[in-house]
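A.B. asks: let's see this in three dimensions:
(chains A, B, C and D, ligands or ions: 8)
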Amino acid sequence: MAVTKEEKFPVAKRFDIADVQVSRDATAVKPKIVANVIKKAKRPLLITGGQLLKDEKLVEFAVKFAEKGIPIAATAGSSKPLIEKGVKPVSKTYTLHQITQFLQDEEFKGFDGSGNYDTVVFLGFLPYYLSRMLSSLKHFSKITTIAIDEFYQPHAKFSFTNLTKDRELYYSMLQEVLDNL
Amino acid sequence: MAVTKEEKFPVAKRFDIADVQVSRDATAVKPKIVANVIKKAKRPLLITGGQLLKDEKLVEFAVKFAEKGIPIAATAGSSKPLIEKGVKPVSKTYTLHQITQFLQDEEFKGFDGSGNYDTVVFLGFLPYYLSRMLSSLKHFSKITTIAIDEFYQPHAKFSFTNLTKDRELYYSMLQEVLDNL
Amino acid sequence: MFELKKGAFVVDELRNVSIHIGKIVEEEEEEWEEAGPTPKPGIIELRKWDHKLLERYEPFYAPMQDFCNLCTMGPCDLSMNKKGACGIDLKTAKARLVTIACCIGASAHTAHARHLVDHLIEEYGEDLPIDLGGNVNVEAPVMRTVVGIKPKTLGDLREALSWAEKEIVKVLHSVHIGNEESYFDYESKALHVSMADHVGMEVADIAQIVAYNFPKAEPNTPLVDTGFGIVDVSKPTIVVVGHNVMYARPVTDYLDEQGRLDDFEIAGLCCTAHDMTRYSAKAKIFGPIYYQLRVIRAGLADVVISDEQCIRADLLDACKKAGVPLIATSDAAVRGLPDVSEWPVEKIVDALVSGKLPGVFLPVPEKVGQVAPLVAEAVFRKHGGERKYKFFENDEQLMEEVNKCTQCMNCVFACPHSLRVDQGMVHAQKTGDLSKLAKLEEICIACGKCEQACPKNIKIINVIMRANYDNLYNKTGKTRVGRGPIQDTEIRKVGQPIVFGQIPGVIAAVGCINYPDEMKSIVEILEEFLKRRYIVVTSGCHAMDIGMIKDEEGKTLYEKYPGDFDAGGLVNVGSCVSNAHISGATIKIANIFAMRPLRGNYAEIADYVLNRVGAVGFSWGPYSHKAASIATGFNRLGVPVVVGPHGTKYRRAYIGKPWKKDKWWVYDIKTKQKINIEPAPDSLLVAVETKEEAIVQLARLCIRPNDTSAGRQIKLTHYIELHQKYYGDLPDDWPVYVRSEADLPLKQREELLRILEEQHGWKIDWDKKKIVDGPIRPYDAGFNPTLVEEVYAKYTKG
Amino acid sequence: MFELKKGAFVVDELRNVSIHIGKIVEEEEEEWEEAGPTPKPGIIELRKWDHKLLERYEPFYAPMQDFCNLCTMGPCDLSMNKKGACGIDLKTAKARLVTIACCIGASAHTAHARHLVDHLIEEYGEDLPIDLGGNVNVEAPVMRTVVGIKPKTLGDLREALSWAEKEIVKVLHSVHIGNEESYFDYESKALHVSMADHVGMEVADIAQIVAYNFPKAEPNTPLVDTGFGIVDVSKPTIVVVGHNVMYARPVTDYLDEQGRLDDFEIAGLCCTAHDMTRYSAKAKIFGPIYYQLRVIRAGLADVVISDEQCIRADLLDACKKAGVPLIATSDAAVRGLPDVSEWPVEKIVDALVSGKLPGVFLPVPEKVGQVAPLVAEAVFRKHGGERKYKFFENDEQLMEEVNKCTQCMNCVFACPHSLRVDQGMVHAQKTGDLSKLAKLEEICIACGKCEQACPKNIKIINVIMRANYDNLYNKTGKTRVGRGPIQDTEIRKVGQPIVFGQIPGVIAAVGCINYPDEMKSIVEILEEFLKRRYIVVTSGCHAMDIGMIKDEEGKTLYEKYPGDFDAGGLVNVGSCVSNAHISGATIKIANIFAMRPLRGNYAEIADYVLNRVGAVGFSWGPYSHKAASIATGFNRLGVPVVVGPHGTKYRRAYIGKPWKKDKWWVYDIKTKQKINIEPAPDSLLVAVETKEEAIVQLARLCIRPNDTSAGRQIKLTHYIELHQKYYGDLPDDWPVYVRSEADLPLKQREELLRILEEQHGWKIDWDKKKIVDGPIRPYDAGFNPTLVEEVYAKYTKG
Ligand code: SF4
Ligand code: SF4
Ligand code: SF4
Ligand code: SF4
Ligand code: SF4
Ligand code: SF4
Ligand code: SF4
Ligand code: SF4
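C.D. replies: Ligands and ions are numbered 1, 2, ... in the order given. So this is what the prediction gives:
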């Protein structure tokens, strides 16, 4: 019923007076794409959040990211299980809120002093909290943001799709990212 | 790149805390569908707007709708060219604003007293003005609204897609609706 | 008699008695009128009246967004009338937003008034008498009616201001999460705070009139130059932007003292322009808000002074790019600039002229008066007096810009008016003909959104302006200087014909410039009424646009119609805050003509106005919060308002349903009965799409239940004529306004009687040419309608 | 001595002299303190201070929507920092929204204060002295500092109120389209109006304390029952909801007079509950805002009295469905109900008990006092005293409801906390085990959005509550009654240890209940600090939740920690408006301990607090506008605030960048030099996600530049310990706080010195175990920091 791209008719497009509301929606991506984007990054960073304290599986995945050489900024206490598993986060003390503020500053040189990050991956956050931070980064920075939480995050540049009844599906998506890194 | 329905992954869905903003977007439809919806209506109504005073072609199309037996509520002075072409609008005096208010009242019995309209088609309005009225009808009535102006109207139930450089394409779409009525 | 003022006193003659004076010592109020039921009303005192209005004129909501995100429990999807996390439903949420908008509007005027009054008391003392000229005895009709005071001095105005501030804060409180559950009650609060807005406006305008000696209700104020092309480009030009004249006024004083007033151009944008001309007729009016970028980008300004409200939020940015120094003056709009209040004048001038600072914040009017001319002159000299810059250096540059366009249409989708910039561009690219672009200039509000959206970074505004430069430059005309209040003597003259209907209506065209159509449409609409000898009143941006549209003979409406508040008159009251004189005039009709007491007697007066005074507000291009609160304030007073289509974005209207017979009734004080009446007026706030629709709607909303037969006949004649002219047929609803054959237009009487008989089943006695049966109610010369139980009781008892 | 009050007088002894008294006669101000630079400041007076803060603590914006639709030129797509039609950019637009939010918050408290003060003056007279008990001489530290007055009577409070109202209106004016161009200046206005908010709160709480004789700074106030299960269900139960106790208070009086206080239960929801218990310790506290639907749907209420703020907007609807009559009392929340002020008590009672009216609007406190008990008793009898209803009639009904669920997950997407209702349902469907649903109850805020979204119309809240009914019913505990201000004597005792750092910090846990985690998390967080002998202060909803969480021994924190404002004390100041006593306490430290003058001396005091007073605000679950303005008001005073993750939805934070070395400096009055300092505190407003993060962040933000070595050592010890405990390692930033080896935790000193040497390149003299080189600055016992030039000048001159 709906008009799709292939048709001869122009596509439907939201615009200002018709209540445009999100100008740039996250591209909902498959795990492989996430892996590709991360691989292309010059200075990637994984930021982990407080949900790692509630979901052991997320810790395991974060550890695997670290093993692939991606530096981790651990927030909200997520450094603790990571450290216990031998990961050395590049940041432990600052909140996601603070880090998001830092990332937007052109003078920020990263936690190691060698330059700001071009691609930031987010794992293990309360969805509403992450949503706000992604919005801030979307509007006020050029950083490529990737949300790989269980919820679709429209303000990210790339995001996993939404959660389902099946949490295993979600874990398998994370695993697929790692497998392709 | 993007996840589409066919994939094994769930679809991306906007929701409240991720800034859901339009809960029900208009289905962007092809002319044939518009014709079908109108044909299925028990009590259809075409409301014409002030742009008929600026575009002679719109008047012609409205006349054709009238010829197909669809009653017309002419607003904003659009009654004048219609009357000149022999159409007798069921309403001439009331503004779209007023009519939209009436339509939302369960006690409204239509301009002929035989009952409220179930399907209302809008032609020839300033897009921002129509957008507001469609929003009101979307939230506060069960009426099926169809926007067949040159602009996509997300608050309608069904809407033509957006305008293009090519106004002739738009006219041909209107003609296609009429041809299928 | 000796007067005790501030402080504590020991009266010498009274040994051992020291008089300790409590903090607030209220003066024994002069008994100028018996106090009515609601002096200084709180939120609930007039709620009953509001509910009367709201039951008839049902609130209509057109949400702009499906969700709410006012608090951190959200965002909440409220679509299809779902409830949010706080329990609010969509209509109530929208009513809350409208209440917020009206609070902002009321705050704007009230804070403006507060700034003025505090400043003027410092300058002129609190005892400066309120003297609005010999013909104005009812000096502050809104304050009298609402607050219940009769202010005699500048200092007295503070009492009204404190009341307004208190009420604004109370109403704003109610929008906090967890207050109203009912949209009716939010609407009542919006009406309340908007009534306070009219108090704020009245305070502000009275204060500046008496302190600055603005025209005092004079109909024949001077005509001043108005339009884009008015300034002598060979003089340094000082441009003032905003709404509060107190900051820029000393410029005139200073130049006058120096005897150099004629060496400069002082021209204004927005309401400060009106008020500068009210202060000195040497000042000129560039135009309304959408001329800001036009004027600055055209390089017409040598210095810009901004104050508050309706100033572009990128003014500093625009000035910087054009190399024009900016002096920001009001604490409402500091613009991130350094405060140079303490700097010596020379240092400020140097910083601005050298470009060390792109702008300064200078809230000291006297210093602004000196700094601005010095800066203007230096900048003018710096540029060698060159003013050849017309948005582009030359035609090549213009065409280069035009040629960048790829017709992507991003601009069209960003434009509030969906202007087809793409088509104008492609036409110019192909043919070199700029006329399609030029045509856009007539609607373009120079908002700049297209430029923000254009991937090619085309200076679209410059292209459009340059394309129409000659016409733009030719937009020069005359505005009659704002006159302030309406005289009591004028009211005495027109009160009866207005109330009885022989003057078919008062059209008050006020507000902003977000028109749906070419600028000249406002003139076309109003001239229809002027020709028909309605009274047309105007103010603010509408009043300026009228001043720059000329007819074939080169005349503006101001030059063709007199400035009297009388049939066929075109009255410019002044700036936005002068709108209080329009509400004031309707109140004065009730008072001076009908002898209704004002003091704290709001409901009775509003009821009087609703039923008897055929005044209709009209805002063809409303955009601001102030326009929202002004309109809502008129509504509470019983004055319907028609808005242009952008007005639907306020999200709320008040639209009655004429077909709901039981909604249209009054108590008749004469017959002591509750009787059904015609639905007149049938809306309190309604939008129209086209100028044709505006004309017809305005005419029909002038009808009032209290019209005499002669009056109704006149009103109906105009309504029917206009409907036929613009809509091609008789109105759908004309019969509802017919109470007897005498109400019918003379020329069409037989034809109409026949229609009533044939199409509507009325009984006609054809011998006498009389209606025997049919009307909602018969005409009764003594008909004395009211919706207010207390008013009914008051006039029926005894 | 005879006192002249209102009116005009003829002094008998003085023939022929009539004394005419001007309108405002200002009393010769008692010279209680030399006036500082900014009494009754306007918008710009403290702008310089704001800019100091904002340059360091840079505003951070997290837009909730990409567009703006505040005016009818919009909607405008502002994404990626595009400008709107008015020229505004995204950050400025967001700063404008924040300013509006703070205006609403400030209005809520100020209007609340206005209602109270006007009402109390009527009841008790304007001369009622402000007496806050023998230990409180600095009675109104906020008013003294901000407004520059020392109120002695109820009547004096009006001066502060008028100032606050004026400033709120001025700031609200500035959000009108076309004002600020700079987000810095909007932030400055938000800070300004939020400072006014603290004045409004202080006025409100002082007024009710003195008029109603609430506890006057007593540490050992009674403990009152708190929680869902507190009421004796065999008694008629009167439930009060809201924030303004003046309407419901007479219920207690009336029952007391009748000797029937013990025959009823009076229990409150939200701040009115606090204030009822401050009036009478027989009143009880059900809980905060998210207990509203819980209590009503559980059928615990026989009558509900609502006043204003933080009440569900569907309260009437909820009461109707539960068959509970509602009495709305405040004009802020009329709820569309008929005004029955003029009706006799019996008629009102009859209408409510019979169900003729589901609710009434009754803004007359005395009548509320009589009506409510009568209605409660009659309704209670009508139901035969039955209270077995537990959200469902029986278990079958519950399971029927559960079985309707299709696991569509609409509820999950609507839920502010994304609670997995679907999983709870399916588990119950499959196993009959409700425990997964029960678990949700601990986070669910009973907002009802899931029910709005559920296509099966499942009463999800009822299901969740019922699933956890036993636990819910067991949520009973004790709250220490709000004590109001902190005593001067207490301040005298703790001033020095706080300023020197030996008391490691003051944690002020205030605000709403939109927690990211189970309710008990607030207790876990605070107990960590109580054990470590920080001072913990609380109020509002946080203070209630603390009162219903018990440890294994059945004790709440109130029962385990004393109510003193001293190390290890847990101080409940009271309701939301009592928060002013917390800002007041920090001010009193500057005044009483450090002898800094208060009168109109805001910048100096705030600067003092920022540099010296290790107080941190904490709002674990902020949701309201009031919470926004309270926090922003603390920020202007130099107090950092930590918010829970929902707090990011306020859209703005103030977050410094510790790695920007040039941002962290002060003037040192002792050495007369501008010197670089450690970034302490490094944020003014920052969100945390987990309780672990809350704990660590609070501890680190307690550090202040002025800490003595002993103090710094204590603070650093806690910070490092907590970081290690919860984050598994040393903090990333601990070295920046080290000025000398004496700052280091004793136990870890060597280890840390080694790390400084090895990882940070510091030079250590290992013989003396001294730091030779490395710190940002050396420790200096006479260090006397300030950011304010005027303060620097004042204390360095002479
Ligand atoms: S105010 Fe109500 S509807 Fe709006 S976001 Fe908050 S909870 Fe949702
Ligand atoms: S956005 Fe720019 S390039 Fe695109 S059509 Fe408009 S003017 Fe041309
Ligand atoms: S500047 Fe003119 S053309 Fe451009 S978006 Fe605004 S109104 Fe449209
Ligand atoms: S009419 Fe509108 S745009 Fe013009 S000055 Fe007044 S508020 Fe501003
Ligand atoms: S206030 Fe500015 S950004 Fe917002 S809708 Fe109006 S023009 Fe657009
Ligand atoms: S919305 Fe209703 S049906 Fe769907 S999962 Fe939630 S409770 Fe079940
Ligand atoms: S009531 Fe509870 S479960 Fe339902 S949406 Fe609100 S917080 Fe979530
Ligand atoms: S703490 Fe928040 S929710 Fe609780 S009463 Fe205060 S403002 Fe309302």
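
A.B. asks: worst-scoring helix or strand of chain A, pLDDT-wise?
C.D. replies: When each helix and strand of chain A is scored by mean pLDDT, DSSP states H and E, strand A:27-28 comes last, with a mean of 82.

A.B. asks: and that strand with chain B, contact?
C.D. replies: Yes. If you take C-beta under 8 Å from any C-beta of the partner chain as the test, strand A:27-28 does meet chain B, through A:Thr27, A:Ala28. In short, each C-beta sits where N, CA and C put it, glycine included.

A.B. asks: contact partners of the helix or strand following that strand?
C.D. replies: As assigned by DSSP states H and E, the chain's next helix or strand after strand A:27-28 is helix A:31-40. With contacts defined as C-beta atoms under 8 Å, 6 or more residues apart in numbering or on different chains, helix A:31-40 is touched by A:29, A:44, A:70, A:119, A:121, A:144, A:146, A:148, A:158, A:160, A:173-174, A:176-181, B:1.

A.B. asks: helices - which of the residues you listed land there?
C.D. replies: Among these, the members found in helices (DSSP state H) are A:Met173, A:Leu174, A:Glu176, A:Val177, A:Leu178, A:Asp179, A:Asn180.

A.B. asks: in the longest helix belonging to chain C, which residues are buried?
C.D. replies: Across chain C, the helix with the greatest residue count (assigned by DSSP H) is helix C:90-124. Residues of helix C:90-124 classed as buried: C:90-117, C:119-121 (neighbour count, 16 or more other C-beta atoms under 10 Å in any protein chain shown).

A.B. asks: quick check: bridge partners of the most centrally placed residue in chain A?
C.D. replies: Geometric centre of chain A, nearest residue: A:Ala147, 2.7 Å, by C-alpha atoms, centre = their mean. Beta-bridge partners of A:Ala147, counted by DSSP bridges, are A:Phe122, A:Ser159.

A.B. asks: quick one: residues contacting it.
C.D. replies: A:Ala26, A:Phe122, A:Leu130, A:Leu134, A:Gln153, A:Ala156, A:Phe158, A:Ser159, A:Phe160.

A.B. asks: how does it look with 10 Å?
C.D. replies: By C-beta atoms under 10 Å, 6 or more residues apart in numbering or on different chains, A:Ala147 lies in contact with A:26, A:28-29, A:34, A:120-123, A:125, A:127, A:130-131, A:133-134, A:153-160, B:18.

A.B. asks: C:His198 contacts C:Ala585, correct?
C.D. replies: No. Counting by C-beta atoms under 10 Å, C:His198 sits too far from C:Ala585 to count as a contact (11.9 Å).

A.B. asks: which neighbours do the two share?
C.D. replies: C:Pro141.

A.B. asks: buried ones in stretch C:143-155?
C.D. replies: For stretch C:143-155, by 16+ other C-beta under 10 Å, it's C:Met143, C:Arg144, C:Thr145, C:Val146, C:Val147, C:Gly148, C:Ile149, C:Lys150, C:Pro151, C:Thr153, C:Leu154, C:Gly155.

A.B. asks: swap in stretch A:160-172?
C.D. replies: A:Phe160, A:Thr161, A:Asn162, A:Leu163, A:Tyr170, A:Tyr171.

A.B. asks: now stretch C:511-518
C.D. replies: C:Gly511, C:Cys512, C:Ile513, C:Asn514, C:Tyr515, C:Pro516, C:Asp517.

A.B. asks: hang on, the earlier thing: wait, which of the buried residues of stretch C:143-155 is closest to chain D?
C.D. replies: Nearest to chain D among the buried residues of stretch C:143-155 is C:Gly155, at 6.5 Å by C-beta to the nearest C-beta.

A.B. asks: ok, now how distant is the nearest residue to the closest one once chain neighbours are set aside from C:Lys216?
C.D. replies: With sequence-adjacent residues excluded and distances taken as C-beta to C-beta, 6 or more residues apart in numbering or on different chains, C:Gly155 is closest to C:Glu126, at 2.9 Å. According to C-beta to C-beta, to the nearest Å, C:Glu126 stands 20 Å off from C:Lys216.

A.B. asks: dump the buried residues of stretch C:143-155 to JSON lines, plus pLDDT, distance to ligand 5 and secondary structure.
C.D. replies: Output for the buried residues of stretch C:143-155, formatted as JSON lines (pLDDT from 0 to 100; distance: C-beta to the nearest ligand atom, whole Å; DSSP: H, G, I helix; E, B strand; the rest coil):
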{"residue": "C:Met143", "pLDDT": "98", "distance to ligand 5": "31", "secondary structure": "helix"}
{"residue": "C:Arg144", "pLDDT": "98", "distance to ligand 5": "35", "secondary structure": "helix"}
{"residue": "C:Thr145", "pLDDT": "98", "distance to ligand 5": "33", "secondary structure": "helix"}
{"residue": "C:Val146", "pLDDT": "98", "distance to ligand 5": "29", "secondary structure": "helix"}
{"residue": "C:Val147", "pLDDT": "98", "distance to ligand 5": "31", "secondary structure": "helix"}
{"residue": "C:Gly148", "pLDDT": "98", "distance to ligand 5": "36", "secondary structure": "coil"}
{"residue": "C:Ile149", "pLDDT": "97", "distance to ligand 5": "35", "secondary structure": "coil"}
{"residue": "C:Lys150", "pLDDT": "97", "distance to ligand 5": "39", "secondary structure": "coil"}
{"residue": "C:Pro151", "pLDDT": "98", "distance to ligand 5": "34", "secondary structure": "coil"}
{"residue": "C:Thr153", "pLDDT": "98", "distance to ligand 5": "38", "secondary structure": "strand"}
{"residue": "C:Leu154", "pLDDT": "98", "distance to ligand 5": "34", "secondary structure": "helix"}
{"residue": "C:Gly155", "pLDDT": "98", "distance to ligand 5": "36", "secondary structure": "helix"}
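
A.B. asks: could you dump these to JSON lines with distance to ligand 7?
C.D. replies: Shown next, in JSON lines, are these (distance: C-beta to the nearest ligand atom, whole Å):
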{"residue": "C:Met143", "distance to ligand 7": "48"}
{"residue": "C:Arg144", "distance to ligand 7": "51"}
{"residue": "C:Thr145", "distance to ligand 7": "47"}
{"residue": "C:Val146", "distance to ligand 7": "43"}
{"residue": "C:Val147", "distance to ligand 7": "45"}
{"residue": "C:Gly148", "distance to ligand 7": "47"}
{"residue": "C:Ile149", "distance to ligand 7": "50"}
{"residue": "C:Lys150", "distance to ligand 7": "55"}
{"residue": "C:Pro151", "distance to ligand 7": "52"}
{"residue": "C:Thr153", "distance to ligand 7": "57"}
{"residue": "C:Leu154", "distance to ligand 7": "55"}
{"residue": "C:Gly155", "distance to ligand 7": "54"}
